Each structure stands twice: as structure tokens, then as C-alpha cells.
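S.K.: Sequence plus the predicted model coming up.
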Amino acid sequence: MRATVGALKTSATMSGTAVTPGSQVTHRAQVPPGSVRGFGGEVRHYLTQRPRQLPSHYLYDDLGSALFEAICRLPWYPLTRAEMRLLESHAHEIIDAGVTAIVELGPGSGAKLSGLLAGAANDRGPLDLHLVDVSGSALAEAARALEGHRDIRIVPHRTTYEIGLERFGGARTGAGRRLALFLGSNIGNFDPPGRDVILKAMRASLARGDGLLLGVDLVKPVPDLLLAYDDPIGVTAAFNLNLLDRINRELEGDFDLFGFAHHALWNEAHSRIEMHLRSLRRQRIHVRGADLTFVMEPDETIWTESSYKYRPTDILAMLERAGFRVRSQWIEPVDRFALTLAEAV
Ligand code: AVI
């Protein structure tokens, strides 16, 4: 059987996930609460907070998404490759003959799910693949990457994670185990309350005995973490600065990009990397489309992203709190990345 691609669904994109400074919601697949304000309203709201901040999901316009793909190829950002190695080594155990449906939140290019399918047990049966993302182009790209696999049916959900999970939960047909994937350490971009909300939403979409596969970046030596988020050839800096340029382009802002520097720091108390944009001088900024004029002092920053790093035992605890029991945890020893397979209880 060849792959089939279902009709793209469109729907409301509001999310109920809590937002706190800099950690916002997540990667391009999410639209944060308050998006009813629109981009201009969000920019006005977050830039007038203290500390000043911007929701991290706005990093992912077309250029930002391309820059993120480039980050994933950098030698100093090993997360993607480490996770891929784990997926390929354990695909047999992850997708065995009993799995009949998979949902992936934020499938990106589809490469990870494609790698998993390539390594899955030969005796696997037909699979329904539900892909959840607010970006239609991301869904189309992932579907293209997957369509060569045998015996699959692709069901795209162009919506938020929460709504996609509800639809996946409601689409259960017959017997067989289901598996939810949340990879790429995307969970690291959620603040702890938002993280717990999304894990519980994943549990609610599953039945007892179904599985969850979570990819999480681990705490590691601080110099390695800083290098991953402040690379020597400036790709991450461009990714961060592009957010100001996006505001200039889409909201008639007048940010002088030469007046800001990318700054990544390790916040030990919260176990997270923070990305900021640091003002290099006193400057007045006007964003017409946000009806906003403000002054930034030298060294004042705009907090644009948080990336939480966990210990293996933290992952067990967060999964247990959300109603899962861990079956296996595989750790990439060099780059310190964990893939955890849990069962809904
Ligand atoms: C998408 N997310 C898991 C990335 C991370 O590592 O937090 C985003 C990123 N930001 C800077 N580099 C990569």
C-alpha cells in the first residue's frame, strides 16, 4: 500500500498553555495564548513587560525556520544528531508490531519519523501517522518525507498541539497500541507549568497501555551548552536577530540590527539556557504596527527564548506526574541527550 495524505484541516489556533517570561510556548508549531492580539498586539504586550521579552515561537518565520534547520547541522549543536542516533538504534523497540497509530507534535522536516519507520520492525502492520503543526508548509514537507514508506496513511492536523491531540484522541478506531512522539527537545522550550500541561494533554489523548516517546536534551557542562546556543559562526545570532528584522518587516519597526547583540546565558537556578538580544547603546525604538515607542538602555535586553535542560531522573518524575510509567530510557553518552519511552497508566 502506498502512503495516502488526508485533507489538511484548518482550525482555531488558540492554546491554553501558560506563558512566562522568555520561555513562552514553543517552537513554530505553537501559537501562544493571547494570540488573539495578533503579532502587533503581542509585540506591544511583551516588549512592555519587565524584563522585556518576545514569544519564542515568533523566531520561526520562513527565514527563522531555515536558520533553525542550519543550526541543527552545526557541529556545536549536537541535539538533532544525538537524537537521530538513538532513534535509529532503538526503532525496533519503539515501533513494534503492536503499534497501529502515531501522532507527532511538530514533525519538522519529517526526517525523525522517517528514520524511525526505516528502522522499525519488519513485521509492523499498517500505520496511521497523525502530524500536528500550525504551519501548512511544515506539514506538507513532513508528508513528502514520509510518503515513500509502505503501509502508512498520513493524517495532517494544521492546528495547535492541544487541538491536534484532541483530534488524535477522538480518531481511535479498533484495537492496537498508539504512540505519541514529542522529539527534538521541544519540551525544553516550555516553562515548567506549560510543560506539565502539554504532557497531561498527551496523556489524555492516549489510552492505558499506549506509548509516549520524549526526546529531551540533558544538563551538560556549561561551556558545551553555551557553544550550542552561541556558535562561533553566528548562525544562532542570526536566528535571534532575525526576530527584530521580522518586526521591522511585518510591523514597520525601526530596530537597528547593528544596535543589538545576541547573548546566550546559562541560568543555573532554573536549569535553562536563555537567549537575549542586548542593546549596545541607549536607543529609541518605534514599531508602528504595534503602536509602540520605547527606549532601551545600554545592556538592557529582550528575552527571546528559554531552553530548559533536564537530568534523566527529572524526566522520569515529569512523566510520572502526567500519568506515565517509564519503560526505557536511552541516553546518548557523548552529547548527553535522552530518549524516554513511557507507557500510559
Ligand atoms: C526548537 N528548540 C528545541 C531549540 C532549542 O534548542 O531550544 C531552538 C533553538 N534555539 C536556539 N538554538 C536552537
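M.R.: Received it, and whenever you're ready, just let me know what you need.
S.K.: When you work out contacts or count neighbours from here on, use the C-alpha atoms and nothing else.
M.R.: Will do.
S.K.: Okay, buried residues for the one helix or strand residue 142 maps to please.
M.R.: Assessed by DSSP states H and E, residue 142 sits inside helix 136-146. For helix 136-146, a neighbour-count test (16 or more other C-alpha atoms under 10 Å) marks 136, 138, 139, 140, 142, 143, 145, 146 as buried.
S.K.: interface residues of the chain facing the ligand?
M.R.: Within reach of the ligand by C-alpha under 6 Å from any ligand atom, the chain has these residues: 27, 184, 185, 186, 189, 229, 236, 307.
S.K.: and those residues, which of them are in strands?
M.R.: Mapping the residues of the chain next to the ligand onto strands (DSSP state E) picks out residue 307.
S.K.: and of the residues of the chain next to the ligand, the nearest to residue 81?
M.R.: Nearest to residue 81 among the residues of the chain next to the ligand is residue 184, at 9.8 Å by C-alpha to C-alpha.
S.K.: What distance do you get for the residue of the stretch 101-250 of the chain found nearest the ligand to residue 117?
M.R.: The ligand sits closest to residue 186 of the stretch 101-250 of the chain, with a gap of 4.0 Å, by C-alpha to the nearest ligand atom. According to C-alpha to C-alpha, to the nearest Å, residue 186 and residue 117 sit 21 Å apart.
S.K.: swap in residue 151?
M.R.: Per C-alpha to C-alpha, residue 151 is found 11 Å from residue 117.
S.K.: So those two - more neighbours on which side?
M.R.: residue 117 (23 against 15; other C-alpha atoms under 10 Å).
S.K.: how about the nearest residue to residue 260 once chain neighbours are set aside, what does it touch?
M.R.: Distance criterion C-alpha to C-alpha, 6 or more residues apart in numbering; nearest residue to residue 260, sequence neighbours excluded, is residue 279 at 4.6 Å. Residues in contact with residue 279 (C-alpha atoms under 8 Å, 6 or more residues apart in numbering) are 259, 260, 261, 296, 297, 298, 299, 300, 301.
S.K.: OK, contacts around the fifth one?
M.R.: For residue 297, the contacting residues are 279, 281, 282, 283, taking C-alpha under 8 Å, 6+ apart as the criterion.
S.K.: Then residue 309?
M.R.: Applying C-alpha under 8 Å, 6+ apart to residue 309 gives the contacts 188, 216, 217, 218, 219, 271, 272, 273.
S.K.: and it, what pLDDT?
M.R.: On the pLDDT scale, residue 309 is placed at 98.
S.K.: ditto for residue 246
M.R.: So, for residue 246, pLDDT stands at 97.
S.K.: neighbours around it, how many?
M.R.: Residue 246 sits with 20 neighbouring residues when counted by other C-alpha under 10 Å.
S.K.: Identify each buried residue in the helix or strand harbouring it, please.
M.R.: In the assignment (DSSP H and E), residue 246 maps to helix 235-251. Neighbour-count burial for helix 235-251, counted by 16+ other C-alpha under 10 Å, picks out 235-248, 251.
S.K.: mind listing what the following helix or strand past that helix pairs with, with the direction of each?
M.R.: The C-terminal neighbour of helix 235-251 among helices and strands, as given by DSSP H and E, is strand 260-267. In the sheet containing strand 260-267, its partner strands are strand 272-279 (antiparallel), by DSSP bridges.
S.K.: Follow the chain on from the strand it pairs with and name the next helix or strand.
M.R.: strand 283-287.
S.K.: For that next one, the averaged confidence score.
M.R.: 98.
S.K.: List the buried residues for that strand?
M.R.: Within strand 283-287, the residues scored as buried using 16+ other C-alpha under 10 Å are 286, 287.
S.K.: relative to its centroid, which residue of this structure is most remote?
M.R.: Going by C-alpha atoms, centre = their mean, the residue of the chain most distant from its centre is residue 282, 33.7 Å out.
S.K.: What ranges does this structure have for its strands?
M.R.: 4-5, 9-10, 99-105, 127-133, 152-158, 177-182, 211-217, 260-267, 272-279, 283-287, 292-296, 301-308, 324-332, 337-344.
S.K.: ok, of these, where does mean pLDDT dip lowest?
M.R.: Ranked by mean pLDDT, the strands of the chain end with strand 9-10 at the bottom, a mean of 23.
S.K.: List the contacts of residue 109.
M.R.: 138, 141, 142, 145.
S.K.: Give me the nearest residue to the third one, chain neighbours excluded.
M.R.: Put plainly, it is residue 142. residue 110 (4.0 Å).
S.K.: So what's the residue count around the one you found?
M.R.: 20.
S.K.: same thing with the one 3 residues further on?
M.R.: Counted by other C-alpha under 10 Å, the residues lying close to residue 113 total 24.
S.K.: That one and residue 85: what is the separation?
M.R.: Taken as C-alpha to C-alpha, the span from residue 113 to residue 85 is 13 Å.
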